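S.K.: Structural data only, the sequence is not supplied:
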């Protein structure tokens, strides 16, 4: 039987939204998942009895194609589903499909897509973050307050020192009635906990990777994350500036590259002063990053609003 | 390598670690030459130094990297301990991506041969890039078929941009996207009264958002592809 479901999506609304909603496409092609009962009360429901990953891949590809994208999911050398989970993100009686999307044979799994079943069809939200942001979405769906409301933790990059380490920021998203929006500032305890963990871990770093997964080579990145947490929590509005200035004057171009990313996020007059110096750097990447950050029309990233707001 | 000698009830171990080589200007030139050869059959108008630049942004040409690693014991009964030296260049752990999933000059999926044999590594990298080029070609063909009036064809260099974006992990967050001159929000189809033109993706961040501009260049396909194209690899010929 050919089942045609109308995707309830009427416009593609991307831009300054971390989860970009794709609305109103044509009919979704035949898919077992399209016809499936997405109700929380189905017995068994999709969360308890998930389909295989290939079926999920085909379903997501059909939704993507229906909203005007050219899906490369399942294509040789294209994309694949790194992980997926069905969960009641909206608490509306229907399950949502959360999937991490990666590129075959590459460090990726940056993409995260949420497909919601609603009374009128399906809605697709896409986002993404740092490498690995979508590699285990089950672990990123949490009930932080143990109140039955699920949150999604999205890791985005604060910056990285190529071939050494990557500094991550975790933003918290939740369904807020019209979209999945950044609600990080409602979860200060989560960030305080992370800061406490880093305050203990950083002085104890060793050349070999410890049980917590960190090694001495991660030190600059963990310090940058700790500084970002301090700024976010209002402990110090210019936390991290000394580190960023030190890196900005490094002879190592990879450290200067990292410095531009940190200075752009700190955003204070002193940070901009050093960005102006880096805009004349002999390295293309460093000077380009710095010039972009100083551009008059430079906008703050929505995905890290919770982080930049306190700057 | 470990050697275990046994005499009667006594046994002793001698560990002889086999490690990698350090990069120097002569080796850099050999690597560049090999990479250029691997891309020698690329279409006219392609960037002849593309694989060299790609490898340099992936690894700084370091197939091996100095670090302290615990020796895997595998079948040996000897406790070999830690060895500080030139080990195969693993990706660093990032989020849920574990260190060592990708390896070497082109950061290809880890295997014993691509970890220890740099020629195997760059050959594998060139093959992976080729698959990305095919994905880019499919995308180009598909869009030209679906859009009316048909957009102009992409140049070899523009196709490379698309493929580089996929190689860098951006997937369908394409470098070039068709843009309807009279209706910018039209995703595809009939651009009635106007033309489709290829433009740099106005939503170049992963997930097709603009959210990362300018503070998260790592998440921006335009920045990452331009970085490859503007890199100068050692001993470019």
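M.R.: Yep, that arrived. Nothing here was measured: the structure is a model prediction, and the numbers come from that model.

S.K.: what about the residue in the stretch 201-311 of chain A that chain B sits nearest to, neighbour count?
M.R.: Using CB to the nearest CB, the closest approach of the stretch 201-311 of chain A to chain B is made by residue A:292 at 3.6 Å. Where you see a C-beta, it was placed from the backbone N, CA and C, and this is true even at glycine. Counted by other CB atoms under 10 Å in any protein chain shown, the residues lying close to residue A:292 total 19.

S.K.: Just the pLDDT for it.
M.R.: pLDDT, the model's per-residue confidence, is 84 for residue A:292.

S.K.: ditto for residue A:297
M.R.: 57.

S.K.: so which strand or helix has the residue of the stretch 201-311 of chain A closest to chain B?
M.R.: helix A:284-294 (DSSP states H and E).

S.K.: Give the buried residues for that helix.
M.R.: A:285, A:286, A:287, A:288, A:289, A:290, A:291, A:292, A:293, A:294 (16 or more other CB atoms under 10 Å in any protein chain shown).

S.K.: Does that helix pack against any helices or strands, and if so which?
M.R.: helix A:253-266, helix A:269-278, helix B:221-230 (3 or more CB pairs under 8 Å, 6 or more residues apart in numbering or on different chains; DSSP states H and E).

S.K.: just the helices in chain B please.
M.R.: B:25-38, B:50-59, B:112-116, B:118-146, B:156-167, B:221-230 (DSSP state H).

S.K.: And the helices and strands packed on helix A:284-294: which comes nearest residue B:157?
M.R.: Between residue B:157 and the helices and strands packed on helix A:284-294, the shortest separation by CB to CB is 8.4 Å, and it involves helix B:221-230.

S.K.: got the contact list for that closest one?
M.R.: Residues from elsewhere that reach helix B:221-230 (CB atoms under 8 Å, 6 or more residues apart in numbering or on different chains): A:284-285, A:288-289, A:292, B:47, B:50, B:53-54, B:57, B:161, B:164-165, B:168, B:170, B:173-175, B:200-201, B:204-206, B:217-218.

S.K.: Helix, strand, or coil at residue A:208?
M.R.: Assigned with DSSP: H, G, I helix; E, B strand; the rest coil, residue A:208 falls in the coil class.

S.K.: Weed out the non-buried ones from the contacts of helix B:221-230.
M.R.: Neighbour-count burial (16+ other CB under 10 Å) applied to these gives A:285, A:288-289, A:292, B:47, B:50, B:53-54, B:57, B:161, B:164-165, B:168, B:170, B:173-175, B:201, B:204-206, B:217-218.

S.K.: Show me which parts of stretch A:101-111 are buried, residue by residue.
M.R.: Per 16+ other CB under 10 Å, stretch A:101-111 contains these buried residues: A:101, A:102, A:103, A:104, A:105, A:106, A:107, A:108, A:109, A:110, A:111.

S.K.: Out of these, which are close to chain B?
M.R.: A:101, A:102, A:103, A:104, A:105, A:106, A:107, A:108, A:109, A:110, A:111 (CB under 8 Å from any CB of the partner chain).

S.K.: Next step: the buried residues of stretch A:101-111 restricted to strands.
M.R.: Within the buried residues of stretch A:101-111, residues falling in strands by DSSP state E are A:101, A:102, A:103, A:111.

S.K.: got the helices and strands packed on helix A:284-294 as a markdown table, with mean pLDDT columns?
M.R.: Converted to a markdown table, the helices and strands packed on helix A:284-294 look like this (pLDDT from 0 to 100):
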| stretch | mean pLDDT |
| --- | --- |
| helix A:253-266 | 93 |
| helix A:269-278 | 96 |
| helix B:221-230 | 92 |
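
S.K.: For the stretch 101-250 of chain A, list the residues in contact with chain B, please.
M.R.: A:101-113, A:126-133, A:135-136, A:139, A:155-157, A:159-160, A:162-166, A:168, A:207-209, A:213, A:217.

S.K.: What remains of these if I keep only buried residues?
M.R.: A:101-113, A:126-133, A:135-136, A:155-157, A:159-160, A:162-166, A:168, A:209, A:217.

S.K.: Spell out the secondary structure type for residue A:157.
M.R.: Taken by three-state DSSP, the conformation at residue A:157 corresponds to strand.

S.K.: Distance of it relative to residue A:189?
M.R.: 24 Å (CB to CB, to the nearest Å).

S.K.: Ok, residue A:269 next?
M.R.: For residue A:269, the distance to residue A:189 - CB to CB - is 32 Å.

S.K.: Compare the two (neighbour count), which wins?
M.R.: residue A:189 (10 against 7).

S.K.: Would you agree residue A:134 is in contact with residue A:85?
M.R.: No - look at residue A:134 against residue A:85 with CB atoms under 8 Å: they stay out of range, at 11.0 Å.

S.K.: Those two: which has the busier surroundings?
M.R.: The neighbour comparison of residue A:134 against residue A:85 (other CB under 10 Å) goes to residue A:134, with 32 against 21.

S.K.: which residues touch the more buried one?
M.R.: A:82, A:83, A:99, A:100, A:101, A:102, A:109, A:110, A:111, A:112, A:128.

S.K.: any idea of the pLDDT on the nearest residue in space to residue A:133 that is not next to it in sequence?
M.R.: Counting by CB to CB, 6 or more residues apart in numbering or on different chains, residue A:155 is the residue found nearest to residue A:133 once chain neighbours are left out, at 5.0 Å. For residue A:155, the pLDDT comes out at 86.

S.K.: how about low-confidence regions in the chain?
M.R.: Picked chain A for this. By pLDDT under 70, the low-scoring segments of chain A are A:1-31, A:296-311.

S.K.: oops, I was thinking of chain B
M.R.: Residue ranges of chain B with pLDDT under 70: B:1-17, B:68, B:70-80, B:95-96, B:207-217, B:237.

S.K.: if we take the contacts of residue A:134, which one ends up nearest to chain B?
M.R.: Nearest to chain B among the contacts of residue A:134 is residue A:128, at 3.3 Å by CB to the nearest CB.

S.K.: So what pairs up with the closest one in the strands?
M.R.: Legend: beta-bridge partners of residue A:128 under DSSP bridges are residue A:111.

S.K.: tell me the domain ranges of chain A?
M.R.: A:3-142, A:191-294 (automatic domain parsing).

S.K.: Buried deepest among the ones you listed, which one?
M.R.: Stretch with highest mean neighbour count among the domains of chain A: domain A:3-142 (a mean of 20; mean count of other CB atoms under 10 Å in any protein chain shown).

S.K.: what distance separates that domain from the middle of the whole chain?
M.R.: 15 Å (CA atoms, centre = their mean, to the nearest Å).

S.K.: Stretch A:259-270 now?
M.R.: Relative to its chain's centre, stretch A:259-270 lies at 21 Å (CA atoms, centre = their mean).

S.K.: ok, so what distance separates residue B:151 from residue B:200?
M.R.: 14 Å.
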